[in-house]
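Chemist: With the sequence up front, the predicted model follows.
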Amino acid sequence: MKSSTYLPTDNIISTDPIKHVVFLMMENQSFDRKLGDVKKIKPEIEGIDPDNLHYNYDEHYDKIYQKETTALQMPLDPLHDDEAVHQQLLNHNAGFVHNFVANYPTCTFDDKQGVMSYYPYGFLPATHALAAEFTVCDHWFSSVPGPTWTNRFFALSGTSNGRVKMIDGLTDFYNYPQLFYQNQTNIFDRLDENGISWKCYCGDFPISLVLTHNREPDKLNNYHIMDQFYQDANGPEEDFPQFSFIEPKYLGADQNDDHPPHNTMKAERLIADIYNALRRNNELWMSILLVLVYDEHGGFYDHVEPPAALPPDDHKEEYTFDRLGLRVPAILISPWAKKSLEKTVFDHTSLLKYLIEKWDLGELGERTRHANNIDIALDTKGQPRNDCMGAIFIPDGIYNDNKMALLESNACNDNHTAIHAFADFINKTEAVKTVPDIAPLSKGAKLKDKIGRKLELHGFWRTGKWLRKTADQHRKAEIDRTLKIADNKLAMFHTERKFKRAEKLQTMKKIHR
């Protein structure tokens, strides 16, 4: 079994000052929305031009322009499956509002405006501070014009085995089992082959476990909850993993992944906490590269058309994979990254290319082979910066709001559905069943849930809460069940205790001998 505490191997260039790469992948925001207004301080950014604001037509052929927003949540989740994205890209990215209205025919003008809106520079305390202090990549595209999972598979393996669609319901794995069989070689395989230490830190149920190889016992030993990240970041530099992958919290009332309708300030706090933990350990900080990227645009407007792309392999079961997805926010954060702008075209496989060449790893498909390497945006030949900000401050209570909390507690997006379906798939196929099924939500309960949420959003708290009580209990039970499956079946969160007990038993046996 491979350990997560390997020392660097001989094939690593000893003069490379970046010894640790931390990869934080967030959810569903476009570049224009999150970083477009950073153009105010970095004029060369291809972002928001107040003298030439872009627009889409709505169903009445009225123009919906880009506009500043300080809304912390988008109540309706813009669609971003492959079909929706292709519609959004029609006529030079002119289909965003039309696609939104087609899926939400009763939406308000404010809802439509939300698709086109962007955050003014300075409003996002973590993202904008990091964009000002480090390297913004303004041509980093998602790997596929499609949803979360296919882009995350590309980010970790360079392919999605021809799959691009999400699961539509909790029983769809009977019809689409291929999505759960992502058995390709991935970056964690390559790291293990070369003795490079790694860990996955997760807020709850890590999507990276859909990669089949990651459910093997030796790899599960490298999965940890986020508390462990903060402990590790506070420890000796040499004990910190050479590669870390961080997945935010997707489920429950405290989601911090930035997926609508989750409160964007919770994502800001997560980003700030990760930066602060790395920054306060100076020895570790001097050897860190933190890569902050979003998996895909989430249906939010971006004005730059994605370029053509090289398919990763011969798998084209659901898409040709010959075009990149929309631009996403991407920042390279390190004492070896300048206060600058990088305009090279990247996609998620560009990070894989960097890791492969950095540590002389095996290849991960044709897309990765031909991707641009992010090392061109780093300056590792001179001296590290000594002017990096010491910490990011997030005010307490910035997202304490009952209406916002209700939106989050009622959230049930495609990513949630897919995670629940995957948990159910594992429970039925990969181990002895120990977690009982929960009864499906009836049509009557679904209707009460829908009406109740609308009443709550319009201020009728008591009536709305009463109507959605059954559905709310069902949703909480579903989340609890999903996390219990992760805990019981995969033993993600207690592997360390198991191994410590095993080591203790071995020690006791030696003593008794």
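Modeler: Thanks, I have the structure now.
Chemist: Now the nearest residue to Ala445 once chain neighbours are set aside: which helix or strand?
Modeler: Nearest non-adjacent residue to Ala445, counting by Cβ to Cβ, 6 or more residues apart in numbering: Thr470, 4.7 Å away. In this view, the C-beta of every residue, glycine as well, is placed from N, C-alpha and C. Take DSSP states H and E as the rule and Thr470 turns out to sit in helix 461-490.
Chemist: So His329 versus Asp32, what's the distance?
Modeler: His isn't right for residue 329; it's Pro. Distance from Pro329 to Asp32, counting by Cβ to Cβ, to the nearest Å: 9 Å.
Chemist: Sorry, slip of the keys, the one I care about is His92.
Modeler: His92 sits at a distance of 14 Å from Asp32 (criterion: Cβ to Cβ).
Chemist: Look at those two and report which has more neighbours.
Modeler: The neighbour comparison of His92 against Asp32 (other Cβ atoms under 10 Å) goes to Asp32, with 28 against 10.
Chemist: so what's that one up against?
Modeler: If a contact means Cβ atoms under 8 Å, 6 or more residues apart in numbering, then Asp32 has 47-48, 66, 118, 300-303, 327 as its contacts.
Chemist: now do Thr380
Modeler: The neighbourhood of Thr380, defined by Cβ under 8 Å, 6+ apart, consists of 16-18, 336.
Chemist: re earlier: in the helix holding Thr470, what counts as buried?
Modeler: By neighbour count with 16 or more other Cβ atoms under 10 Å, helix 461-490 contains the buried residues 464, 467-468, 470-472, 474-475, 478-479, 481-483, 485-486, 488-490.
Chemist: go on, stretch 108-122?
Modeler: Residues of stretch 108-122 classed as buried under the neighbour-count rule (16+ other Cβ under 10 Å) are 111-121.
Chemist: which residues are contacting that stretch?
Modeler: With contact meaning Cβ under 8 Å, 6+ apart, stretch 108-122 is reached by 32-34, 36-41, 48, 54-56, 58, 64-71, 74-76, 78, 96-97, 100-101, 104, 128, 264, 299-301.
Chemist: for that stretch, how far is the first residue from the last?
Modeler: Across its full length, stretch 108-122 reaches 28 Å between end residues, using Cα to Cα, to the nearest Å.
Chemist: ditto for stretch 93-113
Modeler: The first and final residues of stretch 93-113 sit 16 Å from each other (Cα to Cα).
Chemist: ok, now stretch 120-130?
Modeler: Counting by Cα to Cα, you get 15 Å between the two ends of stretch 120-130.
Chemist: I'd like the mean pLDDT over that stretch, please.
Modeler: Taken as a whole, stretch 120-130 has a mean pLDDT of 97.
Chemist: what do you get for stretch 449-464?
Modeler: Per-residue confidence for stretch 449-464 averages out to 75 on the pLDDT scale.
Chemist: ok now it, how far from the chain's centre?
Modeler: 30 Å (Cα atoms, centre = their mean, to the nearest Å).
Chemist: Could you list the buried residues of that stretch?
Modeler: Of all the residues in stretch 449-464, those buried under the rule 16+ other Cβ under 10 Å are 449, 452-453, 455-456, 464.
Chemist: same check, this time on stretch 380-400
Modeler: Along stretch 380-400, these residues count as buried under the neighbour rule (16+ other Cβ under 10 Å): 380, 384-385, 388, 392, 394, 399.
Chemist: Just give me the least confident of those residues.
Modeler: Tyr399 (63).
Chemist: Residues touching stretch 200-209, excluding its own?
Modeler: Contact partners of stretch 200-209, identified using Cβ under 8 Å, 6+ apart, comprise 148-149, 152, 156, 188, 214-215, 222-226, 228-229, 244-252, 256-257, 270, 415, 419, 422-423, 482-483, 486, 490, 492.
Chemist: now with 7 Å?
Modeler: Under the contact criterion Cβ atoms under 7 Å, 6 or more residues apart in numbering, stretch 200-209 has outside partners 149, 152, 156, 214-215, 222-226, 228-229, 244-252, 256, 419, 423, 482-483, 486, 490.
Chemist: Same question for stretch 252-261.
Modeler: In this structure, residues lying in contact with stretch 252-261 by Cβ under 7 Å, 6+ apart are 26-29, 73-75, 77, 203-204, 248-250, 262, 264, 266-267, 269-270, 298, 405, 407-409, 411, 413, 415, 479.
Chemist: measure it end to end?
Modeler: Terminal residues of stretch 252-261 are spaced 12 Å apart (Cα to Cα).
Chemist: again with stretch 124-137
Modeler: For stretch 124-137, the separation between the terminal residues is 17 Å (Cα to Cα).
Chemist: Please name the bridge partners of the closest residue to Ala377 other than its chain neighbours.
Modeler: Setting aside the residues directly before and after it, Ala377 is nearest to Glu342 in space (Cβ to Cβ, 6+ apart), at 3.9 Å. Note on Glu342: beta-bridge partners Cys137, judged by DSSP bridges.
Chemist: taking the buried residues of stretch 449-464 one by one, which sit in helices?
Modeler: Counting by DSSP state H, the part of those found in helices is 449, 452-453, 455-456, 464.
Chemist: For those, give me a markdown table that also has distance to Trp198.
Modeler: Output for these, formatted as a markdown table (distance: Cβ to Cβ, whole Å):
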| residue | distance to Trp198 |
| --- | --- |
| Asp449 | 41 |
| Gly452 | 44 |
| Arg453 | 41 |
| Leu455 | 47 |
| Glu456 | 43 |
| Gly464 | 45 |
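Chemist: I'd like to know which of those is nearest to Asn373.
Modeler: Proximity of these to Asn373 was ranked by Cβ to Cβ; the top entry is Arg453 with 46.2 Å.
Chemist: what's the spacing between that closest one and Asp347?
Modeler: Counting by Cβ to Cβ, the separation of Arg453 from Asp347 is 36 Å.
Chemist: swap in Ala126?
Modeler: 24 Å.
Chemist: the more surrounded of those two?
Modeler: For Ala126 versus Asp347, neighbours defined as other Cβ under 10 Å are more numerous around Asp347 (30 against 22).
Chemist: partners of that one in the sheet?
Modeler: Counting by DSSP bridges, the residues bridging with Asp347 are Phe141.
Chemist: any weak-confidence spans in the stretch 401-513 of the chain?
Modeler: 401-411, 430-433, 457-459, 491-513 (pLDDT under 70).
Chemist: oh sorry, the question was meant for the chain
Modeler: Scanning the chain for pLDDT under 70 picks out the ranges 1-14, 168-178, 397-411, 430-433, 457-459, 491-513.
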